[in-house]
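J.: Quick one: sequence plus predicted model below, questions after.
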Amino acid sequence: MQVKDFFSSSAKLADLTSLRRRRVIQISAVTGFGLFASSLVARGITFDIFLLGLFSLIVTGSLAYKYYVTTSSYLLLGAMSSMLFALSATGAGVFDIAMIGYPGVIIFAALLGGIALFGTVLSLVLLQCITLTWLIMHDVVTPNPPILSWSHVLFIMVIYVITGFSVFILIQDIRRLMQSLQQEVSKVEQNRAHIQHLAHHDPLTNLPNRILGERLFNEKLRESEEKGLQLALLFIDLDNFKPVNDALGHAAGDRFLQKISQTITDHLSTKQSLIRFGGDEFIVLAPEISDKSEIDDLCKNLITWCSNEFEVLQTKVVVSGSIGVAQAPYDGIKFKQLCRKADIAMYEAKRNGRNRYEYYDVRFDEENDEKFTLIQRLRPAVQANEFEVYYQPLIDLASNEVQAVEALLRWPQKDGSMIFPDKFIPLAESSGLIIPLGAWVLNQACEFCAKQHENGHTNLTVAVNLSFAQFKDGTLPAVVEQALQNSRLAPQFLELELTETILADENGTTGEQLEAIKSLGVHFAIDDFGTGYSNLNYLQTFSARKLKIDRIFINTLGIGENDAPLVAAIISIADSLGMKAVAEGIESKPALEKLIKMGCDLGQGYYWSKPLPAPEVERFLSNHPTK
């Protein structure tokens, strides 16, 4: 910016110098023409003075032509004032007609220079007037009033022409300066308007940004309240936008955002406003809402518009949108407050399957507060090993023997209550605490199983659930190997339960880590089968030993027949792949009998035992046969 200002200042200085040079040449030429005309009728000493002045003007013009602007300016004005002094001294003194030429000299000084030149010339003129007066008063110079003739009229006309010319070019320069100033002011106003636009609009989509969005919100809220109506704030987040950027590049992502924002804008009413909140997040302000159905219709339309097919860089792109809704004044009257609540509702929409909308509910805040409090307690709890591993038996349905136990994590509280995994495991996964917590569970489970082998249950297997987050740092094979070494448990007695989400990961190192773990001799089981991707290909790829049927399909067995065909199909799949089918959540004898008829191999559930702490499981094992 400083370099730009330097060159701009240099250009302006060069333009000013060029203008002064042109003015010196013009004044020298006009004055020289006047002196030449006057010299044709002049006689005696007056002719000599004109001749000397004409010579000075020729020198002045030459110096200006060669760009000695300052020197030529001083010489021009000095020569003109000296010539007027000489004419007055040889004529009628201070009453001589030459005296009326001094104002022109002063005007020329103002035109050609700054304060220094103007002050110098003005001082010289005043000094010459004082000197001339003193000389006359002391009889050094005797005034010689001329006899009026046509030559004197010519002299006066020349002086008026030169003075008039000086006034004319002065006015022209002032006018030109005013025009230049007006242009500069206009540019400043345009720049200010442009800066204001940039400050209040998103540069990519040209939509209002958060700053202008807040102003629009306040205006529309005031208008809605005056009519006794509500304003809806809809928070939109585009689902699956990141793959667009990753696959096609950010330029394509930017172009897509421009297209989708234009589509939404084109469909909104004149009262409604679309605001870019940031990234792939947008806000729609819908004022003057009288009925909830209006918001429902708008949300459904927005979901439809977001799901349109857009062509970007010759590629068809389709995404969806999740929307959270907050209403003013019902949910608040502050823009940031409504944005936060609509954002919370939007995440609820994503959690419930995406491509849908949710209204803000105060319970969302309560859940967030609970999560925040819980995550603050989670880290010190992990560091202090405040958790406890419970175990639930897996029963062989044919022999009623305990074949394995599943390790299940619990978080006991000082007041005797219990926090279950569905509350704290997602927080541990999102915070990275699942890595040390998962390693601790593995060690505890392996040590427990090794101890049971010493107690005589030599074929007992322990199953441990794995989280997808445990694969992120690539250290899981080493953690598993270390747990086996620490407990001296043979690897074939450790079974790791994998969800279908883990197996479906094709981008990370999950597959390589699973192969490394399998090479240790550890077995795998597929947990919650039927609730995820249900891809048979990875069942064969990872050679899982067990296929666990999710409890949601088992709960109604023996009561209704809705899930029976699906359960039978899963058992058949397991059998055809050489895997053991495990039914989770068996709670009744009719369900057990139904599963036995279907050919299910193993089961676990409250029918035999709920998850128990280690000492109680040991007592359970001592009272039940193990395989």
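T.: Good, I have the coordinates.
J.: The residue sitting nearest the centre point of the chain bridge partners, please.
T.: The residue lying closest to the centre of the chain (CA atoms, centre = their mean) is G278, at 5.2 Å. For G278, the beta-bridge assignment (DSSP bridges) gives partners E281.
J.: Also A232?
T.: Applying DSSP bridges, one finds that A232 bridges with A286, Q327.
J.: per-residue pLDDT, it?
T.: As predicted, A232 sits at a pLDDT of 95.
J.: My understanding was that it contacts A286; is that so?
T.: Yes: the criterion here is CB atoms under 8 Å, and A232 meets it with A286 at 4.3 Å. Heads up, the C-betas are built off the backbone N, CA and C, glycines and all.
J.: For this protein, which helix extends over the most residues?
T.: Under DSSP state H, the helix in the chain containing the largest number of residues is helix 150-200.
J.: average pLDDT for it?
T.: The pLDDT scores in helix 150-200 average 76.
J.: Summarise which helices and strands the helix or strand that that helix is followed by is packed against.
T.: Under the assignment DSSP states H and E, the closest C-terminal helix or strand after helix 150-200 is helix 210-226. Here helix 210-226 touches helix 150-200, strand 230-239, strand 273-278, strand 281-289, strand 320-328, helix 335-351, going by 3 or more CB pairs under 8 Å, 6 or more residues apart in numbering; DSSP states H and E.
J.: would you list the ones you listed in TSV and tack on distance to I596?
T.: Shown next, in TSV, are those (distance: least, CB to CB, whole Å):
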stretch	distance to I596
helix 150-200	71
strand 230-239	44
strand 273-278	57
strand 281-289	53
strand 320-328	44
helix 335-351	38
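J.: Tell me which of those sits nearest to Y390.
T.: The closest of these to Y390 is helix 335-351. By CB to CB, the value is 27.4 Å.
J.: Report the buried residues of that closest one.
T.: 335, 338-350 (16 or more other CB atoms under 10 Å).
J.: quick one: which of the helices and strands packed on helix 210-226 is nearest R410?
T.: Of the helices and strands packed on helix 210-226, nearest to R410 by CB to CB is helix 335-351, at 24.4 Å.
J.: Give me the below-cutoff pLDDT ranges for this structure.
T.: For the chain, the stretches with pLDDT under 70 are 1-16, 146-153, 170, 504-508, 530-542, 558-563, 627.
J.: okay, now the domains of it?
T.: Domain assignment for the chain by automatic domain parsing gives 2-179, 210-360, 381-623.
J.: Show me the one of those domains that comes nearest K187.
T.: domain 2-179 (12.2 Å).
J.: Now find how far off-centre that closest one is within its chain.
T.: In terms of CA atoms, centre = their mean, to the nearest Å, the centre of domain 2-179 is found 65 Å from the chain centre.
J.: Ok, stretch 604-611 next?
T.: Worked out by CA atoms, centre = their mean, stretch 604-611 lies 52 Å from the chain centre.
J.: measure it end to end?
T.: 10 Å (CA to CA, to the nearest Å).
J.: Now tell me what touches that stretch from outside.
T.: By CB atoms under 8 Å, 6 or more residues apart in numbering, the surrounding residues in contact with stretch 604-611 are 390-395, 406, 408, 410, 551, 554, 582-589, 591-592, 620.
J.: Need the phi and psi values for L268.
T.: Main-chain torsions, L268, degrees, to the nearest 10: phi -70, psi 150.
J.: cool, and the one 4 residues further on?
T.: Comment: the main-chain dihedrals of Q272 come out as phi -90, psi 150, following degrees, to the nearest 10.
J.: Verify the stated contact: it with V284.
T.: Yes: using CB under 8 Å, Q272 is in contact with V284, at 6.2 Å.
J.: what residues do these two have in common as contacts?
T.: L298.
J.: Looking at the two, which is more packed in?
T.: V284 (22 against 18; other CB atoms under 10 Å).
J.: dump the residue contacts of that one.
T.: If you count contacts by CB under 8 Å, 6+ apart, V284 has them with 232-234, 236, 264, 268, 272-275, 298, 302.
J.: change it to 6 Å
T.: Residues near V284 by CB atoms under 6 Å, 6 or more residues apart in numbering: 234, 274.
J.: how much space between it and L489?
T.: Taking CB to CB, to the nearest Å as the measure, V284 falls 58 Å from L489.
J.: And for E481?
T.: Taken as CB to CB, the span from E481 to L489 is 11 Å.
J.: For the stretch 401-550 of the chain, which segments count as helices?
T.: In the stretch 401-550 of the chain, the helices defined using DSSP state H, counting those that start in this stretch lie at 421-431, 434-454, 476-487, 500-503, 510-518, 536-541.
J.: Name the residues of the fifth one that are buried.
T.: Of the residues in helix 510-518, those with enough neighbours to count as buried (16+ other CB under 10 Å) are 510-511, 513-514, 516-518.
J.: Who are the packing partners of that helix?
T.: helix 476-487 (3 or more CB pairs under 6 Å, 6 or more residues apart in numbering; DSSP states H and E).
J.: Could you do the second one as well?
T.: With contacts taken as 3+ CB pairs under 6 Å, 6+ apart, helix 434-454 sits against strand 461-465, helix 476-487.
J.: L408 reaches V389, doesn't it?
T.: No: under the criterion of CB atoms under 6 Å, L408 makes no contact with V389, lying 7.2 Å away.
J.: Between E481 and L489, which has more neighbouring residues?
T.: Comparing E481 with L489 by other CB under 10 Å, the one with more neighbours is L489, at 22 against 15.
J.: So the more buried one sits against Q452, correct?
T.: No: the pair L489 / Q452 is not scored as a contact, 9.9 Å apart, by CB under 6 Å.
J.: neighbours of H523, just the number please.
T.: Using other CB under 10 Å, H523 has 18 other residues around it.
J.: likewise F420?
T.: 12.
J.: Provide the partner residues of the spatially closest residue to it that is not a sequence neighbour in its beta bridges.
T.: Spatial nearest neighbour of F420, chain neighbours left out: R410 (6.9 Å); criterion: CB to CB, 6 or more residues apart in numbering. Assessed by DSSP bridges, R410 has beta-bridge partners E388.
J.: My understanding was that R410 contacts Y391; is that so?
T.: No: with contact defined as CB under 6 Å, R410 does not count as touching Y391 (10.5 Å).
J.: what about the two, which has more around it?
T.: More crowded of R410 and Y391, by other CB under 10 Å: Y391, with 27 against 15.
J.: which element is that one on?
T.: Element membership of Y391 [criterion: DSSP H and E] is strand 388-396.
J.: Show me the contact partners of that strand.
T.: Under the criterion CB under 6 Å, 6+ apart, residues 402-408, 410, 412, 444, 602-604, 608-609, 611-613, 617, 627 lie in contact with strand 388-396.
J.: quick one: which of those sit in strands?
T.: 402-408, 410, 412, 602-604, 612-613 (DSSP state E).
J.: top of the residues you listed by neighbour count?
T.: V405 leads the ones in strands among the contacts of strand 388-396 on contacts (other CB under 10 Å) with 29 neighbours.
J.: And for that residue, nearest residue in space, chain neighbours not counted?
T.: Y391 (4.2 Å).
J.: again, but for L566
T.: That would be F553: by CB to CB, 6+ apart, it lies 5.9 Å from L566.
J.: What's the local residue count around the one you found?
T.: Neighbours of F553 (other CB under 10 Å): 21.
J.: Number the residues from 170 up from this point.
T.: Renumbered: residue one is now 170, and that last one reads F722.
J.: Make sure it is actually in contact with V736.
T.: Yes: if you go by CB under 6 Å, F722 and V736 touch, sitting 5.2 Å apart.
J.: What residues of stretch 397-414 count as buried?
T.: 399-408, 410, 413-414.
J.: Dump it to CSV, restricted to CA.
T.: Provided in CSV are the C-alpha atoms of stretch 397-414 (Å, rounded to 0.1, in the frame of the first residue of the first chain):
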residue,chain,number,x,y,z
GLY,A,397,-48.1,-9.3,16.2
LEU,A,398,-46.4,-12.0,14.1
GLN,A,399,-43.3,-14.2,14.5
LEU,A,400,-40.0,-14.4,12.7
ALA,A,401,-38.5,-17.8,11.9
LEU,A,402,-34.7,-18.2,11.7
LEU,A,403,-33.8,-21.3,9.7
PHE,A,404,-30.2,-22.6,10.0
ILE,A,405,-29.2,-24.7,7.0
ASP,A,406,-26.1,-27.0,6.8
LEU,A,407,-25.4,-28.8,3.5
ASP,A,408,-24.9,-32.6,4.0
ASN,A,409,-22.1,-34.3,2.3
PHE,A,410,-20.6,-31.1,1.0
LYS,A,411,-17.0,-32.0,2.0
PRO,A,412,-16.7,-34.8,-0.6
VAL,A,413,-17.5,-32.2,-3.3
ASN,A,414,-14.5,-30.2,-2.2
